[in-house]
Every structure is written in structure tokens, then in C-alpha cells.
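1. predicted model and sequence follow; I will ask about them next.
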Amino acid sequence: MPQNLSGKVALVTGSGRGIGRCIALKLASEGARLVVNDLEEGPAEEVVALIRAQGGEAVACVGSVTAPDFADRFIKTAMQSFQGLDIIVNNAGYTWDNVIQKMSDEQWYAMMDVHLTAPFRILRAAQPVIRHLNKAEQEQGREVFRKVVNISSIAGLGGNAGQVNYAAAKAGLLGMTMTLAKEWGRYRVNVNCVAFGMIRTRLTEVVAGGDATIRIEGRDIKVGVSPDLVKTFESGIPLGRAGTPEEAADAVYLLCTPESNYISGQTIVCGGGLSI
């Protein structure tokens, strides 16, 4: 069967685990060549190996998206490995929650850095490459569409108690998306956003009897949701349950296909019908 993304070069941040991993595997299954990113080498290389084992092409670009040099390195990895750049998915991120009166500056800036500044830097670094590629295509009389998919959250659309930092950063991505859709339309780039509702990941896994944490850049971050809270959340979802990482990846994939060539500046909620 034909593959929708055959030959395309896709860069996905935070793609060693969870939703990002599923996005990378989905795009690869449709023929895209992947630049896989994770904080740690192990998860990134595992996804690369899996894609290659399935007959695809992939390379890893390991490191924190918040590092000042990451954006340039990320784009260079794509160009040096595949001589192209077609799809960028800004997916990397995590939550670090607290009510505003107890939230530190460190918590605030950590969320701004990973969810807003990092995508900004990546897209800024990509612009000269996209402009150059588009100019060559126009001179050849070809119309080639590229895709940017920014990952937001329903918290960025309607807010969420205890997440003023996360919600503010995710809301900022909406403005970035709409602005770049206007700036980059002339380059034939579709810039869209997917806002996730409750998706089952290690950040939202059910935790009973004690706190669970993960370590991110030297910080122990509390993760997990109590069983009672999960039931409360899911009771408000019309489809009756949280989404899977694979279903989240499918929503991103929709905005990477040729069928989305005339869709730009939009935010799609992937939340099982959840209202804001």
C-alpha cells in the first residue's frame, strides 16, 4: 500500500517515550525518515532501532530541548542525515504542578523553557532551511507543503487548577501556532496545534498508596494520578475513558498528511469529546 509520508523527513522532540514515541513510530510507518529525540540516549536509540528493524530510516539527536544549542543541533542532524526537513513536531514536555502561592520561579520558568522557548528556538532555527528549500522548489515550479505540529493541552485552552505555569505555556503555543501560520504560509508550511485531553502516559498513570516521581534534568518531578481522580476525569469524557498514546499520535499524524495541505493556524482537541 502507498505510504502518505514516503520520503518525508520528520523531527519529533521527546520521542523516546510515551506519546512522542508513538508519534515517531506512526510517522515512520507511513514512510517518514525520523530524527528521534530524548533526554537520554537509551530510549532514543531504542526507538531508532525499532524503526530500522521495521525497514525505516531514523537517527537520534539526544539531549534536552531546553539547552541553548539544541535547536541548531536538531535541525543540523536532519539536514546532515537526510538532506531535508518536512515535518516538525514539538512534543517534548512534562508538568510541574502547584497552586500559584506555592509555585517557585524555578517551576514557572521550567515550564516556559520546555513548552514555549524550546519550540520557539527550534522553529527559529528551521526558518532559514525552510526558506531555502521553498525557494528552490518555487524555481522548479513545484509546490511542496511542510508541516509543523505543536503539542498543547486543554489546560492551555481552558486552564487547570494547580497548573498556572503549564497552562500559560501551553496557551502561548496557540499564539505561536497562529502567528507562524501567517508568517510561513508563503513557504507552504501548515502550522497547526493538537491540544490533548487526558492521555494515558507515565505522567498520568494511576498511582495508589504513595507518590511516584520521575527525574528530569536533576529534578524529582511528582507524577501519577490517584484512582479516584482518574475516575472523576474520565466521567467527564463523553467517550468514557482516557486516550491512549497511539490515539494521540493518530491526531498528530492527521495534520502531517497531504490531506491537511489547506489547514493551517488551527488547534484540534484530541480529548474524546471533552469540553473545555
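-> Received it, and whenever you're ready, just let me know what you need.
2. contacts for stretch 13-20, please.
-> Applying Cβ atoms under 8 Å, 6 or more residues apart in numbering, the external contacts of stretch 13-20 come out as 12, 21, 23-24, 34, 36-40, 42-44, 46-47, 65, 74, 89-93, 118, 122, 151, 196, 199, 201-203, 245, 248-249. Just so you know, the C-beta spots here come from the backbone N, C-alpha and C atoms, and that holds for glycine as well.
3. now do 7 Å
-> 12, 21, 23-24, 36-38, 40, 43-44, 47, 65, 89-93, 199, 201-202, 245, 248-249 (Cβ atoms under 7 Å, 6 or more residues apart in numbering).
4. show me those residues that map onto helices.
-> Using DSSP state H, the subset of those located in helices is Arg21, Ile23, Ala24, Pro43, Ala44, Val47, Pro245, Ala248, Ala249.
5. need the contact list for the nearest residue to the last one once chain neighbours are set aside.
-> This points to Ala249. Spatial nearest neighbour of Ala249, chain neighbours left out: Cys22 (3.8 Å); criterion: Cβ to Cβ, 6 or more residues apart in numbering. Cys22 makes contacts with Pro245, Glu246, Ala248, Ala249, as judged by Cβ under 7 Å, 6+ apart.
6. with distance to Lys170, neighbour count and pLDDT as added columns, please give these in a markdown table.
-> Shown next, in a markdown table, are the contacts of Cys22 (distance: Cβ to Cβ, whole Å; neighbours: other Cβ atoms under 10 Å; pLDDT from 0 to 100):
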| residue | distance to Lys170 | neighbour count | pLDDT |
| --- | --- | --- | --- |
| Pro245 | 18 | 21 | 97 |
| Glu246 | 22 | 15 | 98 |
| Ala248 | 15 | 26 | 98 |
| Ala249 | 18 | 28 | 98 |
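7. wait, which of those residues is closest to Glu259?
-> Ala249 (16.5 Å; Cβ to Cβ).
8. so that closest one makes contact with Lys26?
-> Yes. With contact defined as Cβ atoms under 7 Å, Ala249 counts as touching Lys26 (4.4 Å).
9. for the residue lying closest to Glu30 once chain neighbours are set aside, what are phi and psi?
-> Of all residues not flanking Glu30 in the chain, Leu5 sits nearest, at 4.2 Å (Cβ to Cβ, 6+ apart). Per-residue torsions, Leu5: phi -120, psi 30 (degrees, to the nearest 10).
10. hang on, isn't Leu5 packed against Leu34?
-> No. Using Cβ under 7 Å, Leu5 is not in contact with Leu34; the gap is 10.2 Å.
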